[in-house]
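Participant: Structure, please.
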Amino acid sequence: MKKSDVKLFSIAKKLSGLQTASTISKNLGVEKRTAVNYAWRLRKEGYLTSTGGGRSIKFYRISPLKFKGKKGYSLYGLINKYSRVKLNTSKDYIIHAKREPPPEEILVRAISSNEYRLMIASLALFNKINNWSNLRILAEEYKIGRNVGALYDVARKFIRVRRMDEKTRKALLKSNGKKFLFGYKIKSKNFQDIEKRWRVFIPINKHDMEIYKEWSR
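Facilitator: Numbering: from 1, shown residues only. Prediction:
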């Protein structure tokens, strides 16, 4: 391996996780222009992939394990694109698809991922749903229909969400669902009324949703 390649690998290892041009600049002790140049080189060698962001700030996922050859969409990247709750992790899930998955699919995959932080961050996507029927179908395919309905009721207590139509709500109430998400017997201390209504146990409590309080109505 060339010295330049070794150096780039070391930089990728040091910056592993979610970064912006500003954090790259800070972590490497270089000017922002130089940080952008490093980001370009890391992308070229397969150590960096974009994960969305706003108009003025771009987020990059960096890993010493090259992203080259991974065709599809990063589930963490999609959550970071739609949610204000950003995730920084060395782990990733790739959704193999020619087109970006709709919010309904992203939400269902996140809830069924067995990743607690991923599920919490994904609840923001209830405000991005365009096709409630599609959400129901996907939730039932993943056998988490009632879980999705219960988490919708939790989310609406803390953030603005699009209104679920009654047809979808009734269908989810009658659908399948895991009694416990993640395989752990975790019950909520704050949402017992929702648990009873949907006949599932909710693995989060009120303090877990404090991260969304800036969205409270």
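Participant: alpha carbons only for contacts and neighbour counts from here, please
Facilitator: OK.
Participant: Tell me, how many residues neighbour V154?
Facilitator: Using other C-alpha atoms under 10 Å, V154 has 21 neighbouring residues.
Participant: Wait, it touches F191, no?
Facilitator: Yes - applying C-alpha atoms under 8 Å, one finds V154 in contact with F191, separated by 7.4 Å.
Participant: Show me this protein divided up by domain.
Facilitator: For the chain, the structural domains run 1-70, 72-217, going by automatic domain parsing.
Participant: Just give me the lowest mean pLDDT stretch among the ones you listed.
Facilitator: Mean pLDDT is lowest for domain 1-70 among the domains of the chain, at a mean of 79.
Participant: So what's the gap between that domain and the chain middle?
Facilitator: In terms of C-alpha atoms, centre = their mean, to the nearest Å, the centre of domain 1-70 is set 20 Å apart from its chain centre.
Participant: Might you report the residue contacts of the spatially most central residue of the chain?
Facilitator: Centroid-nearest residue in the chain, with C-alpha atoms, centre = their mean: I79, separated by 3.2 Å. For I79, the contacting residues are 86-87, 106, 118, 121-122, by C-alpha atoms under 8 Å, 6 or more residues apart in numbering.
Participant: can you list these in a markdown table and add distance to A97?
Facilitator: Output for the contacts of I79, formatted as a markdown table (distance: C-alpha to C-alpha, whole Å):
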| residue | distance to A97 |
| --- | --- |
| K86 | 23 |
| L87 | 22 |
| I106 | 12 |
| L118 | 20 |
| A121 | 22 |
| S122 | 19 |
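Participant: how far out from the middle of the chain is the host helix or strand of L151?
Facilitator: Taking DSSP states H and E as the definition, L151 sits inside helix 145-155. On the basis of C-alpha atoms, centre = their mean, helix 145-155 sits 16 Å off its chain's mean C-alpha point.
Participant: between the contacts of I79, which is nearest E195?
Facilitator: Closest approach between these and E195, by C-alpha to C-alpha: S122, at 19.3 Å.
Participant: would the closest one count as being in a helix?
Facilitator: Yes - assessed with DSSP: H, G, I helix; E, B strand; the rest coil, S122 lies in a helix.
Participant: so T49, which of the three states?
Facilitator: strand.
Participant: Turn the contacts of I79 into CSV, including neighbour count and distance to R162.
Facilitator: Output for the contacts of I79, formatted as CSV (neighbours: other C-alpha atoms under 10 Å; distance: C-alpha to C-alpha, whole Å):
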residue, neighbour count, distance to R162
K86, 19, 21
L87, 16, 23
I106, 20, 16
L118, 22, 20
A121, 24, 17
S122, 26, 14
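Participant: Many thanks, have a good one.
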